[in-house]
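1. I need the structure of the sequence given here:
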Amino acid sequence: MRLAEKSDSEKTPDEMDIPEELSRRQDRLIAIAIAKAKEKIEQRAGERYVSNRNMKEK
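-> Reported below is the predicted structural model:
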């Protein structure tokens, strides 16, 4: 809690452009969401492949 209070009381560095920083962080969050979605799609495709293979073997 003390770290949060200290951070809140500190001034923003002059070279920091807050709107630009927010945009950069938003872009990173979008990239992470896309990567997670792709990972989930690949996982489902793998499960579907195994399921189809098992059905053909029966």
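2. in three-state terms, label D14 for me.
-> Applying DSSP: H, G, I helix; E, B strand; the rest coil to D14 yields a three-state assignment of coil.
3. distance from the helix or strand of the chain at the bottom of the mean pLDDT ranking to the middle of the chain?
-> Comparing every helix and strand of the chain by mean pLDDT, DSSP states H and E singles out helix 2-9 as the least confident one, with a mean of 78. The chain centre lies 26 Å from the centre of helix 2-9; the measure is C-alpha atoms, centre = their mean, to the nearest Å.
4. quick check: which element contains the residue nearest the centre of the chain?
-> Residue closest to the average C-alpha location in the chain (C-alpha atoms, centre = their mean): I32, at 2.4 Å. Assignment of secondary structure by DSSP states H and E places I32 within helix 18-57.
5. confidence score at the residue nearest to the centre of the chain?
-> The per-residue pLDDT reported for I32 equals 98.
6. again with the one 4 residues further on
-> On pLDDT, K36 comes in at 98.
7. how much space between it and R53?
-> K36 sits 26 Å away from R53, taking C-beta to C-beta, to the nearest Å as the criterion. No exception for glycine: its C-beta is placed from N, CA and C like everyone else's.
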